[in-house]
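Novice: Give the three-dimensional model of this entry:
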Amino acid sequence: MAKHVLILGGSGRIGSQVAADIITHTDADVTITGRNRAVGDRIVAQLKQRAQFLTLDLSDQQALNTAVAIADLVIHCAGPFHYRDARVLQTCIQRGVNYLDVSDHPSFTRKAIALAPAAAQVGVTAIVNTGIFPGISNSMVRRDIEQLDSADRIHLSYVVSGSGGAGVTVMRTTFLGLQNPFPAWIDGKWQTLKPYSDREIIEFPAPYGRTGVYWFDMPETFTLPDTFPVKTVITKFGTVPDFYNHLTWSVARWWHPWILKQKPVIEFLSHVSHFMTDVTDRFSGIGVAIRSEVTGYKDGHLLQVCSTLVHPNTAIAAAAGTGSLAQLLLVNQLRKPGVFVVEQALPTDLFEQTLTQRGIQIQTHHKPLS
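Specialist: Predicted structure coming up:
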């Protein structure tokens with residue numbers, strides 16, 4: 001019998017692309033959920049095969065239990081994850097169902113990781129942060145580190161064009177990320193940083209070129225130093241056109257933190273930004289670029305390994321990261337009971353194999369520093 005995948009938030013931009021990836025690369029049947037049947041039915045019609053829609057509110061625990069009980073794999077795409085607890089993962093553990101998510105906030109990641117012993121005890125494989133960043137970016141870092149004898153410094157940079165092809169939820173995620181200072185692992189100690197600070201110009205591949213990026217609170221900030229014995233982890237994010245960076249920096253720099261913690265303010269900023277990107281997407285595109293730079297030692301010499309990835313659609317790229325893991329879990333090619341971030345769970349050979357199947361290429365070069 002065909003495997004059954006349940007995608008929570010599957011009628012959203014990211015969730016629907018995850019559904020499309022799974023239908024393309026596996027034989028599984030897919031159920032997408034959401035609260036709006038008209039939207040869900042439209043997505044199912046676009047998917048055309050092996051897909052159905054289920055109206056589901058995640059606050060309805062009984063309905064969630066029923067939906068999870070008939071699934072072989074649950075994929076949580078219902079962000080923003082700043083607001084989410086780990087109840088979906090707990091339900092999967094209770095039902096013995098494997099789990100993935102596209103979470104992108106440190107608070108949620110910590111809640112999920114705390115359930116690792118319970119997942120391991122019942123044999124559930126749960127992998128969090130599986131999209132594009134975090135997600136593919138983390139596996140790029142692992143791939144770079146494996147080319148060295150030892151690593152000292154990780155520098156991750158991301159840039160997204162306009163909306164990235166995603167919905168208003170991604171805009172909420174950006175502004176929610178401005179609410180609080182956050183810890184970063186720098187020179188072997190934790191230091192507190194302000195979000196969207198310390199602008200840095202990074203050379204990305206075409207069509208991006210030299211682009212400004214800023215400190216941003218991401219799960220990678222703490223999961224990468226937990227996974228790899230490095231002294232420094234830098235995670236910076238930016239957008240194009242560049243005036244969006246300056247607007248976001250202004251909000252982070254000048255608006256009082258209390259204001260940014262008001263939900264109506266976040267909603268206002270998110271919807272205004274989404275309206276603006278609807279206009280500029282026509283010129284900027286909706287792509288993404290990732291640059292992973294790892295500095296360390298190889299054969300006694302200081303070496304920098306730099307990998308880059310460019311994709312014309314951020315939402316599709318994120319779906320490729322999650323869909324790849326779903327594909328591996330569904331055919332039992334990947335099994336790791338417990339709760340893990342993607343860089344701890346996905347071997348590099350499988351990472352490269354599944355990206356190649358999706359036509360996604362990573363460019364890598366080495367730069368001797370001594």
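Novice: Scan this protein for its longest helix.
Specialist: helix 263-284 (DSSP state H).
Novice: Give the rounded mean pLDDT of whichever helix or strand comes after it.
Specialist: Later in the chain than helix 263-284, the nearest helix or strand by DSSP states H and E is strand 288-298. Mean pLDDT, strand 288-298: 97.
Novice: Check which residues of strand 288-298 are buried.
Specialist: Buried residues in strand 288-298, counted by 16 or more other Cβ atoms under 10 Å: V288, A289, I290, R291, S292, E293, V294, T295, G296. Every C-beta, even on glycine, is put in place using the N, C-alpha and C of the backbone.
Novice: next structured bit after that strand?
Specialist: strand 301-311.
Novice: just checking, what packs against the helix or strand just after that next one?
Specialist: Next helix or strand after strand 301-311 toward the C-terminus (DSSP H and E): helix 314-330. If you count contacts as 3 or more Cβ pairs under 8 Å, 6 or more residues apart in numbering; DSSP states H and E, helix 314-330 packs onto helix 13-25, strand 73-76, strand 98-101, helix 136-145, strand 301-311, helix 342-345, helix 348-357.
Novice: Residue ranges of each domain in this structure, please.
Specialist: Per automatic domain parsing, the domain ranges recorded for the chain read 4-132+315-357, 136-311.
Novice: Go through the ones you listed and pick out the most buried.
Specialist: domain 4-132+315-357 (a mean of 21; mean count of other Cβ atoms under 10 Å).
Novice: now do the same end-to-end measure for it.
Specialist: End-to-end distance for domain 4-132+315-357, by Cα to Cα, to the nearest Å: 22 Å.
Novice: Who are the packing partners of the helix or strand harbouring I93?
Specialist: Using DSSP H and E, I93 sits in helix 87-95. Of the remaining helices and strands, those touching helix 87-95 by 3+ Cβ pairs under 8 Å, 6+ apart are helix 61-69, strand 73-76, strand 98-101, helix 116-122, strand 125-128.
Novice: can you list contacts of the last one?
Specialist: Contacting residues not belonging to strand 125-128 are listed as 89, 92-93, 98-101, 103, 108-109, 112-113, 115-116, 119, 219, 325, 329, 334-342, 345-346 [Cβ atoms under 8 Å, 6 or more residues apart in numbering].
Novice: Convert it to PDB, retaining C-alpha atoms only.
Specialist: Extracted in PDB, the C-alpha atoms of strand 125-128 (Å, rounded to 0.1, in the frame of the first residue of the first chain):
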ATOM      1  CA  THR A 125      12.600   9.700  13.700                       C
ATOM      2  CA  ALA A 126      11.900  13.500  14.000                       C
ATOM      3  CA  ILE A 127      14.000  16.000  12.100                       C
ATOM      4  CA  VAL A 128      13.500  19.800  12.600                       C
END
